[in-house]
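coords below, sequence missing:
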């Protein structure tokens, strides 16, 4: 493959594929493989399941491509399809979503979800190692509603803009902002509950040994 297709936008590649250039779709698959697999792994809980959903998502994308509105952006549309396929797969499996909280947000930064969520949150007044912190954050995330959990993942993990998230959920930008605010507040509340529970268990444990 020459370099020229790689310089095209997603939307140009879609248009070229619809015009008969078969290789243009392959470029889209390759372009989004790593990013989409990371996103799906966090939704599904393991990479093997994420790979299956990835295949289903791109199959659906391929089948629906002739209905894609070329005036819109391809990326949010693709992520919407992928997220819907992931939800379907989880419902069929009867499993809750799990999140790999220690996974890097991107390949370029070593920032983890734990690091991001801890930025604006008060730390506990007792020491926590990384593993303990991950457990508490996981429990806080699990206690959130699916809708708030999902918007938090999109904003923090995938770094989608307000406009992209609005397109993802098909809601106004103002709704995105209010939901994200609610998601962060929900996480903060759940986090504090986990911290308090951890502290109470530590106090009870000390009391039994005194």
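That came through, no problem. Everything numeric in this text was worked out from a predicted model, so none of it was measured. Numbering: from 1, shown residues only.

buried stuff in the strand or helix carrying residue 91?
Using DSSP states H and E, residue 91 sits within helix 74-93. Across helix 74-93, burial judged by 16 or more other Cβ atoms under 10 Å covers 74-79, 81-83, 85-86, 89-90. (C-beta placed from N, C-alpha, C; glycine too.)

let's have these in a markdown table, adding distance to residue 8 and pLDDT.
Below are those laid out as a markdown table (distance: Cβ to Cβ, whole Å; pLDDT from 0 to 100):
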| residue | distance to residue 8 | pLDDT |
| --- | --- | --- |
| 74 | 11 | 92 |
| 75 | 14 | 89 |
| 76 | 18 | 85 |
| 77 | 17 | 89 |
| 78 | 16 | 92 |
| 79 | 20 | 88 |
| 81 | 21 | 91 |
| 82 | 21 | 91 |
| 83 | 25 | 86 |
| 85 | 26 | 91 |
| 86 | 28 | 87 |
| 89 | 31 | 88 |
| 90 | 34 | 80 |
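
and the residues you listed, which two are the farthest apart?
Across the buried residues of helix 74-93, the longest distance by Cβ to Cβ is 24.5 Å; it joins 74 and 90.

any idea how far the helix holding residue 91 is from the chain center?
Put simply, helix 74-93 sits 11 Å off its chain's centre (Cα atoms, centre = their mean, to the nearest Å).

same for that helix, what does it pack against?
Helices and strands touching helix 74-93, by 3 or more Cβ pairs under 8 Å, 6 or more residues apart in numbering; DSSP states H and E, are helix 10-18, helix 23-44, helix 47-64, helix 162-169.

for these, which one sits closest to residue 190?
helix 23-44 (17.7 Å).

how does this structure divide into domains?
Domains of the chain are assigned by automatic domain parsing as 1-98, 108-210.

looking at the ones you listed, which has the lowest confidence?
Note on those: domain 108-210 shows the lowest mean pLDDT, a mean of 75.

did I read that right, residue 153 in a strand?
No - with DSSP: H, G, I helix; E, B strand; the rest coil as the criterion, residue 153 is located in helix rather than a strand.

count of neighbours near it?
Neighbour count of residue 153, defined by other Cβ atoms under 10 Å: 20.

residue 42 is in contact with that one, correct?
Yes - between residue 153 and residue 42 there is a contact at 6.2 Å, judged by Cβ atoms under 8 Å.
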